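Q: next come a sequence and a model predicted from it.
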Amino acid sequence: MSAPMVSVTVIDQDGASDFAAPQGTTVAGLCAMLAIDLTIPSVRLTHADGRPLDSAAVLGRELPSGSAIALSSRVLSAQQANEASARHENQWLSPVLALVGICFLLVGAITSLCLMPLVADATLRGFKYPEDGPMWAIILAGIPVWLRILCSLLCCAGALVPLFASRLVRSRPAMLLLMPALAGYSSIGLVSGAGVHALEVAPVVAVWVALIAAVAVASLTGTPAAVSAILVWIGAVGLVTVGAYPVFHLVNVAPLAVVVGILLFLMAPRLALRVPDNQLVDASSVLTIPVRIREEPAQTPSPVTGGRMATALGHTDARNALIVTASTLFVLVGGVPLALSVTPTIDVGRGIGGFVLVIAAIITLLTAPRATRNHLGRILPRLSAAGLAAAFLLGAWVQSWTGHIGLYPLLPVCVLVVVGVSVAAGVALYEPKGHAALAGTILDFVQTFSTFLLLPAAFMASGLFEFAWRAVL
């Protein structure tokens, strides 16, 4: 008569496996059947709850049927940790490299087959006979229109496919701005048949296509970050469309873009935080408030749990990252050209307004991040301020009084190097001395005053005052 069998579960690095062995078999005998060498010092046998297990334990007596044996090894654990670390590193490295490759491919194809031919067409229109134009323009202008449109459609589809195909891409706030921007840039080839106005129409078509792409993504996902991306692209569409409309030819949208970017950053905490009504702590008291006509009744309060709070905070962080990134782009795109060209001249307030706007924007972007806790909110605004300051020092105003004495661009570059080294040394060596409250109060006053100057300075620098003055007269 055969001995009764005892079933055990062995848990190792490959997972859990069920085995059956004759009653009376020791754990060491079972391991010998499974070719497990217990003489290796790093091998450990434990119960399922982590208690050490003797290899002389007998199945059916010390270990009843259905028991679990955990097999662990320090060498294997270290190897598994290294493999997990490598997988974690490759988890973001491979997608990032693929994304960079896609961006370079799309930008290179659109630039060479769509944008440069538009520039070549505009260049040849300046000659009475196109054959007299430069050779590069003649070659690029010879690219057929159908090839430009086909390249534009393919690249636009290639920029949108990752957004619609991958949930991971849609969950990244930066991708909600980058991929629609690539789709918009890819669409400039569609204006090849617009004739002499192709270059003026191209930015308008680009931002409108980007807005349509953002709306399509938001309708697919419905995440709060995607909805915030729509609002950002609506602002970009408004600024670019106003700048391209012939009626507003006197209006410069660069100062308006700077103000929009700074206001977005200042209001980012308030715009990012959105708590559902049924998650409010005082939702029960809200239900007792009389409902007005045609107003939806308040939702029944639901328990405030850790998971729901984590979801709300995750959406808040995503919206905040998207808004801060968008504000940085608005400031750099509008502020760098403005800082390069601004001079304190009396031109219906444009010169002085632009000069004051650049200075106030730099001060605001340097002082406002003091109240921000996340790294993105502290780094990006200050990088924007550094970009504006560098453009201002290398701009027309500094060149006007340093070029005559032969110190341009040596003096601005030296100032940038000295300031950069001083800031780096100050951050590394500074120790608080107990005057943080006084310094904070002074900086709060400077920030408030600079923020107060932004809107009137942008109104004057953009030419809105001149536009309204001429419209009235």
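A: Arrived safely. Numbers count the residues shown, from 1 in each chain.
Q: was I right about Ser228 contacting Leu322?
A: Yes - assessed by CB atoms under 8 Å, Ser228 is found in contact with Leu322 at 5.3 Å. For the C-beta atoms, the positions are set from N, CA and C on the backbone; glycine is no exception.
Q: next one, pLDDT for Leu383 please.
A: pLDDT recorded at Leu383 is 91.
Q: and what of Thr441?
A: Value for Thr441, per-residue pLDDT: 85.
Q: one more: Leu388?
A: In this prediction Leu388 is given a pLDDT of 92.
Q: now for it, how many residues are close by?
A: Burial of Leu388 is recorded as 27 neighbouring residues (other CB atoms under 10 Å).
Q: ok, the one 4 residues further on next?
A: Residues contacting Phe392 under the criterion other CB under 10 Å number 23.
Q: same question for the one 3 residues further on.
A: By other CB under 10 Å, the residues close to Gly395 number 21.
Q: okay, the closest residue to it other than its chain neighbours: pLDDT?
A: Closest residue to Gly395 apart from its sequence neighbours, by CB to CB, 6 or more residues apart in numbering: Leu340 at 4.3 Å. Per-residue confidence (pLDDT) for Leu340: 88.
Q: got the contact list for Leu340?
A: Residues near Leu340 by CB atoms under 8 Å, 6 or more residues apart in numbering: Ala391, Phe392, Leu394, Gly395, Ala396.
Q: skip the chain neighbours and tell me the closest residue to Val253.
A: That would be Gly243: by CB to CB, 6+ apart, it lies 3.9 Å from Val253.
Q: average model confidence for the helix or strand containing that neighbour?
A: Per DSSP states H and E, Gly243 falls inside helix 224-244. Computed over helix 224-244, the mean pLDDT rounds to 86.
Q: neighbouring contacts of it?
A: 170, 173, 176-177, 180, 200-201, 203-204, 206-208, 210-211, 214-215, 217-218, 248, 251-253, 256-257, 260, 264, 271-272, 274, 315, 318-319, 322-323, 326, 330, 334.
Q: returning to what we had before: surely the residue nearest to Gly395 forms part of a helix?
A: Yes - assigned with DSSP: H, G, I helix; E, B strand; the rest coil, Leu340 falls within a helix.
Q: let me know the next secondary structure element after the helix holding Gly243.
A: helix 253-266.
Q: can you state the direction angle for that following helix and helix 224-244?
A: 160 degrees (axes from the mean of the first three to the mean of the last three CA atoms, to 10 degrees).
Q: look up how far Ala28 lies from Leu53.
A: 11 Å (CB to CB, to the nearest Å).
Q: wait, I meant Leu411
A: Distance of Leu411 to Ala28, given as CB to CB: 82 Å.
Q: go through the helix holding Gly243 and flag the buried ones.
A: 224-230, 232-233, 235-237, 239-240, 243-244 (16 or more other CB atoms under 10 Å).
Q: could you do stretch 57-72 as well?
A: For stretch 57-72, burial by neighbour count (16+ other CB under 10 Å) applies to Ala57, Leu59, Gly60, Leu63, Ser67, Ala68, Ile69, Ala70, Leu71.
Q: what about Ala183, neighbour count?
A: The burial count for Ala183: 24, using other CB under 10 Å.
Q: host element of it?
A: Per DSSP H and E: Ala183 is located in helix 173-186.
Q: contact partners of that helix?
A: 103, 106-107, 110, 114, 152, 155-156, 158-160, 162-163, 169-170, 205-211, 213-214, 217, 225-226, 229, 232-233, 318-319, 321-322, 325-326, 329.
Q: for the record, mean pLDDT for that helix?
A: Per-region confidence: helix 173-186 scores 88 on mean pLDDT.
Q: same question, stretch 99-115
A: 86.
Q: buried stuff in it?
A: Using 16+ other CB under 10 Å as the burial criterion, the residues of stretch 99-115 that qualify are Leu99, Ile102, Leu106, Val107, Ala109, Ile110, Leu113, Cys114, Leu115.
Q: list the contacts of the fourth one.
A: Neighbour list for Val107: Leu182, Tyr185 [criterion: CB under 8 Å, 6+ apart].
Q: now the last one
A: Applying CB under 8 Å, 6+ apart to Leu115 gives the contacts Ile188, Ala202.
Q: offset the numbering so it begins at 416, please.
A: Happy to do that; since the first residue is 416 now, the last one works out to Leu530.
Q: and the gap between it and Leu539?
A: Computed as CB to CB, the Leu530 to Leu539 distance reads 15 Å.
Q: next one: the third one
A: Counting by CB to CB, the gap between Leu521 and Leu539 amounts to 26 Å.
Q: same question for Leu679.
A: For Leu679, the distance to Leu539 equals 41 Å [CB to CB].
Q: the more surrounded of those two?
A: Each of Leu679 and Leu539 has its neighbours counted (other CB under 10 Å); Leu679 has more, 22 against 18.
Q: pretty sure the more buried one contacts Thr740?
A: No - at 9.8 Å, Leu679 does not count as touching Thr740 under the criterion of CB under 8 Å.
Q: tell me the pLDDT of Ala613.
A: For Ala613, the predicted pLDDT is 78.
Q: cool, and Pro419?
A: Among the per-residue scores, Pro419 holds a pLDDT of 77.
Q: residue contacts, it?
A: Counting by CB under 8 Å, 6+ apart, Pro419 touches Pro437, Gln438, Gly475.
Q: mind listing the strands for this structure?
A: Counting by DSSP state E, residue ranges of the strands within the chain are 420-427, 430-437, 458-462, 482-488.
Q: any chance of CSV for these, columns distance to Ile554?
A: Formatted as CSV, those follow (distance: least, CB to CB, whole Å):
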stretch, distance to Ile554
strand 420-427, 66
strand 430-437, 63
strand 458-462, 71
strand 482-488, 66
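Q: how many residues are close by Ser432?
A: For Ser432, the count of nearby residues is 11 (other CB under 10 Å).
Q: revised request: answer the last question for Val620.
A: Using other CB under 10 Å, Val620 is surrounded by 20 other residues.
Q: quick one: it and Thr440, what's the gap?
A: Distance from Val620 to Thr440, by CB to CB: 78 Å.
Q: off-centre distance for the helix holding Ala598?
A: 10 Å (CA atoms, centre = their mean, to the nearest Å).
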